[in-house]
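Engineer: Based on what follows, work out the 3D shape:
(2 chains)
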Amino acid sequence: MMRPSAKKGIAAAMLYLFSTTLSAGAYIFADEINGVDIVTHPNTYTGSGGTVTVRVCIDPSSPNATDMEYSVQNNVDAYNQLLPTMDNVKTGGNNNIPSGFIDFESVALHEVGHCLGMAHINAATESKLPSSKSNYTKATNGTDPDLDPDPDPDKGFDLDPGPDGVIGSNDDVRGNDKNLVWFRRSNNDPFTIDTVIDSTTYSRDTVKLPTGHSFAANADRAVSTLLSYPKTEAVMQQGTFYDEAQRTLGHDDVATLRYAASGIDELESGGRGQHNNAADNYSIVLENGGISSSTDCDISMSITSTAGLAFCEVGGQGIGPNHVRITTANIQFGQDFNWFFNSSNTAPILNTIGNQTLSEGNTLVIPISATDNPLNTLSFSTTGLPSFASFVDHDDGTATLTISPAIGDASLSTMTVTVSDDGAPALSDSENIDLDIAVLDSDGDGIGDYDEINIHGTLPGNPDSDGDFINDGDEINYGSDPLDSLSWPNFADADIAPLGSPDGLINAADYLIAQRIVLGLITTTSLELAHGDIYPTGSPDGVINTSDLILILKLIEAAP
Amino acid sequence: MKHPSIFSHLFLISVFFVIHGASAIAANGTGETHERNPETLVVAASHSAAGFRLPVNSPEPVIEYRQNITMLAEQDLQPRIQVFSDGRVRVHYPVYMKKAGDYEFELTRPELIQLIQSLSANGLMDFDHARVKQEKNDHDLKMKAKGELHYVSDAVVTLIDIRLQDYQKTASSPVTPALKKHFSWKNLEQDAKYYKNNRSIQSAEKGINTLDSLALHKAMKKVK
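Structural biologist: All right, here's what the predicted structure looks like:
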């Protein structure tokens, strides 16, 4: 006989379930009967905050139990890290899965997600829609009837991909279908994530969609392509291909778990009402229980004779208004399928840094990052780091390379950045980077500042230190003294026009200028003398006169 | 596709069939006789077993059984078994399954008749989807009233198409001249375990087990 207090508890739980307070979206048990606003929590959450520990075990009676261990550990790591990743769909040569095999680790990650309370983000099997339509955003069919068994191919759903033609995107037209996927209120972009994740930033109610959006977008790979992201998909999207790995969580997966973790009040930092603080917030920690049939296993996995590929079967119990917790969870995988058991570590991949070029006196800060699948703890190191560069490993999977060459550091060097994981075996990836530090020449006279200051004594900010109209670089290169205004090189090339800024051409303009100098109409400077004093050849006499004029004429005639 | 063959336990068929010669004669459970096309298999209903008529050379399968594994996004996502009226059985497993490929074998006529009658006896020909779905919902509501919810992810949809002529569930049942039954049920395997008191679901699961056992037939040979 049930105790009165137990009856009261159940009644309260059911009252919770049928409350209509608005909350978040794509959780198992959320439907028209239980309530579309239900948020489902892992099985050890009862409404009080803190750490919620979920122990994942492999049934000892399961075939391939030991083969499953490595992937289960990777699953546990992925959920504990809660890192949203992009480009998480790896096909063909980008994974270690043989053709015709299905990746156990990826499917297990999906099923564990169900066992933690997450539902599909797409219409999926449960909609009974044909596969061509199963990627519409998860929703109920509203008030339309679902005519069993199959007279209505759309099962009462309103399905229109909208102007972009992409199923599951933000312009889908869904009639009276009721959305079940919560979305980021600011942008309805499931490939991004907010810093705060609760009812102030996420919603299931399409009234709160950004202007111009007609339905919640879901994190399907086709939508990621539409939004110009690399091929990315939420783990909780139903539909995997053979020879495909999807072993890391997407932004949408992380946000769904974190939304639930904001507790019964669905507020990270507390809010109004009965649960008026953050005391109901929790963090999820998965524990790897190994191969065990212990009663303290919260999720049990096994390979069985089930006809399906895999499924998670859960029981649930109401714990608050529109809040349910998992009570039992087990996962079964079909034994008739070609399972690939990921059993070896794969090397991290250093995101491309590239060769770097900058001038002395400048600073370049380069963020360094890497991906790793499975995600292990990453560490970064360098060799050949020049004295003008520094490198910091932030111990969070990222690092920073700072290059700050001072004047005099101009050089061409090569350094190496390496990322290493702590998997078994530990693996790494490296990139050689050429650092091309260019000379700083502030006044553009062809002589670097460092040399001007330390070797020639010329002014780094003035191209003509002695004011003789010949730039310092030319003087040094032609052997004259750049600090003596009476010393200038003898170019003897007859290029004196335009006056004050020779153009590198020998033509009639040069002759006319020379003629006016000879006639006394123009006073020469060292610049004209350097170019126009060409007689006697090889030992100019310091003036431009008729002898020079004749030679200039000959040079013009000989010019091409 | 996981249960031992039932065909090793042939039982006495309570009806008789005739399929020879230009003047084939069939008798049903009522004792009435009919002259039939020589290419037609005729089985008369009895008080406990189904009667039906099969055009033997029909290219259309009498029974087509598929499992829609929609956790997969592949084009070829359905293992399937096709049973033809001449007894031929074709089995297809997609590339990602251990038995990937196409297989064939032939059922003897007693095996074919027994198979069809077994499906009939397990209620697949007259499975009432709407009624059983309502029964499930009623059960779920009762469980919910007790504070218990239940959920199964990533279902398999079991699909069966059965085409028979002059189908009669038993000798006392009405005759359906052209039976085209489409059975579609999500999570039948799990439902059979969860809804233990639902006789329709339990029977349907038994029928599926019978079809599954075809894939263990000793005569099955890989053809592709």
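
Engineer: Helix, strand, or coil at the most centrally placed residue in chain B?
Structural biologist: Nearest residue to the geometric centre of chain B (C-alpha atoms, centre = their mean): B:Leu119, 4.4 Å. Under DSSP: H, G, I helix; E, B strand; the rest coil, B:Leu119 falls in the helix class.

Engineer: secondary structure class for the closest residue to it other than its chain neighbours?
Structural biologist: Nearest residue to B:Leu119, sequence neighbours excluded (C-beta to C-beta, 6 or more residues apart in numbering or on different chains): B:Gly207, at 4.9 Å. The way it works is simple: take the backbone N, C-alpha and C, and place the C-beta from them, glycine included. With three-state DSSP as the basis, B:Gly207 sits in helix.

Engineer: ok, back up a step: just checking, the residue nearest to the centre of chain B touches B:Met125?
Structural biologist: Yes - at 6.6 Å, B:Leu119 and B:Met125 qualify as touching, with contact defined as C-beta atoms under 8 Å.

Engineer: Now for those two: what residues contact both?
Structural biologist: Listed as contacting both B:Leu119 and B:Met125 by C-beta atoms under 8 Å, 6 or more residues apart in numbering or on different chains are B:Ile162.

Engineer: Just give the number of residues close to the residue nearest to B:Leu119.
Structural biologist: Around B:Gly207 there are 24 other residues, counting by other C-beta atoms under 10 Å in any protein chain shown.

Engineer: would you list every one of the strands in chain B?
Structural biologist: With strands called from DSSP state E, chain B shows them at B:17-18, B:25-27, B:33-35, B:40-43, B:51-55, B:63-69, B:80-83, B:88-93, B:101-106, B:149-152, B:156-168, B:175-186, B:221-222.

Engineer: Next, format those as TSV and append distance to A:Gly308.
Structural biologist: Formatted as TSV, the strands of chain B follow (distance: least, C-beta to C-beta, whole Å):
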stretch	distance to A:Gly308
strand B:17-18	37
strand B:25-27	41
strand B:33-35	44
strand B:40-43	34
strand B:51-55	31
strand B:63-69	6
strand B:80-83	15
strand B:88-93	14
strand B:101-106	20
strand B:149-152	9
strand B:156-168	4
strand B:175-186	10
strand B:221-222	24
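
Engineer: Including distance to A:Asp252 and mean neighbour count, could those go into a markdown table?
Structural biologist: Shown next, in a markdown table, are these (distance: least, C-beta to C-beta, whole Å; neighbours: other C-beta atoms under 10 Å in any protein chain shown):
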| stretch | distance to A:Asp252 | mean neighbour count |
| --- | --- | --- |
| strand B:17-18 | 59 | 19 |
| strand B:25-27 | 62 | 17 |
| strand B:33-35 | 63 | 13 |
| strand B:40-43 | 55 | 24 |
| strand B:51-55 | 51 | 25 |
| strand B:63-69 | 24 | 23 |
| strand B:80-83 | 34 | 20 |
| strand B:88-93 | 33 | 19 |
| strand B:101-106 | 38 | 15 |
| strand B:149-152 | 20 | 22 |
| strand B:156-168 | 25 | 22 |
| strand B:175-186 | 25 | 16 |
| strand B:221-222 | 42 | 10 |
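
Engineer: Now tabulate those in CSV and tack on distance to chain A and mean pLDDT.
Structural biologist: Listed next are the strands of chain B as CSV, based on distance: least, C-beta to the nearest C-beta, whole Å; pLDDT from 0 to 100:
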stretch, distance to chain A, mean pLDDT
strand B:17-18, 31, 41
strand B:25-27, 32, 40
strand B:33-35, 32, 39
strand B:40-43, 27, 88
strand B:51-55, 22, 91
strand B:63-69, 5, 93
strand B:80-83, 12, 96
strand B:88-93, 8, 96
strand B:101-106, 11, 96
strand B:149-152, 4, 94
strand B:156-168, 4, 94
strand B:175-186, 5, 94
strand B:221-222, 15, 94
